[in-house]
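J.: A predicted structure for the sequence below; I have some questions about it.
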Amino acid sequence: MPRLALSFLGQFQASAGDRTITNFATDKVRALLAYLAVEADRPHRRDTLAALLWPGWDDSGARSNLRLALHRLREALDAVEPTLSDELFGVTRETVQIHGRAVEVDVAR
């Protein structure tokens, strides 16, 4: 059973169970969640994600922004359910991924 439901067609919506998640810090945090959810079940290199979301930034700055966005994403999810981000994400020093079976995405239907 999916732990997180995401709707990207129309207005952006995220919910865990019957609780709506609205406390995303920035649009980049929402964009990171959307990209990882649509491209679930495969690891994404951090440098690739950083370049995708912060084009034109130097590598160090883009990677720093990615770390902060990932931290803020985890905070937003864990504010609704304390262990939600641990169940959703597979994170290493080099990669980030969402476990697809834990997420329901409207564009995948």
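T.: Now that the structure is in, tell me what you want to look at.

J.: Give me the neighbour count for Arg67.
T.: 12 (other Cβ atoms under 10 Å). The way it works is simple: take the backbone N, C-alpha and C, and place the C-beta from them, glycine included.

J.: could you pull out the strands for this protein?
T.: 4-7, 13-16, 19-20, 44-45, 89-91, 95-98, 103-105 (DSSP state E).

J.: Indicate each strand paired with the fourth one and its parallel or antiparallel sense.
T.: Strand 44-45 sits in its sheet next to strand 95-98 (antiparallel), going by DSSP bridges.

J.: Please state the offset of the partner strand from the chain centre?
T.: Relative to the centre of its chain, strand 95-98 is centred 9 Å away, using Cα atoms, centre = their mean, to the nearest Å.

J.: which outside residues touch it?
T.: Strand 95-98 is contacted by residues 36-37, 40-46, 49, 70, 88-91 when judged by Cβ atoms under 8 Å, 6 or more residues apart in numbering.

J.: And the buried ones among the residues you listed, selectable in PyMOL?
T.: Here is the PyMOL command that selects the buried residues among the contacts of strand 95-98 (16 or more other Cβ atoms under 10 Å):
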select buried, resi 36+37+40+44+46+49+70+88+89
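
J.: so what's Ala51 up against?
T.: Contacts of Ala51 (Cβ under 8 Å, 6+ apart): Asp59, Ala62.

J.: about what we covered before: possible to save the strands of the chain as TSV with mean pLDDT and distance to Leu53?
T.: Shown next, in TSV, are the strands of the chain (pLDDT from 0 to 100; distance: least, Cβ to Cβ, whole Å):
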stretch	mean pLDDT	distance to Leu53
strand 4-7	95	17
strand 13-16	95	18
strand 19-20	94	24
strand 44-45	98	11
strand 89-91	94	16
strand 95-98	96	12
strand 103-105	94	19
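
J.: Thank you kindly, that will do.
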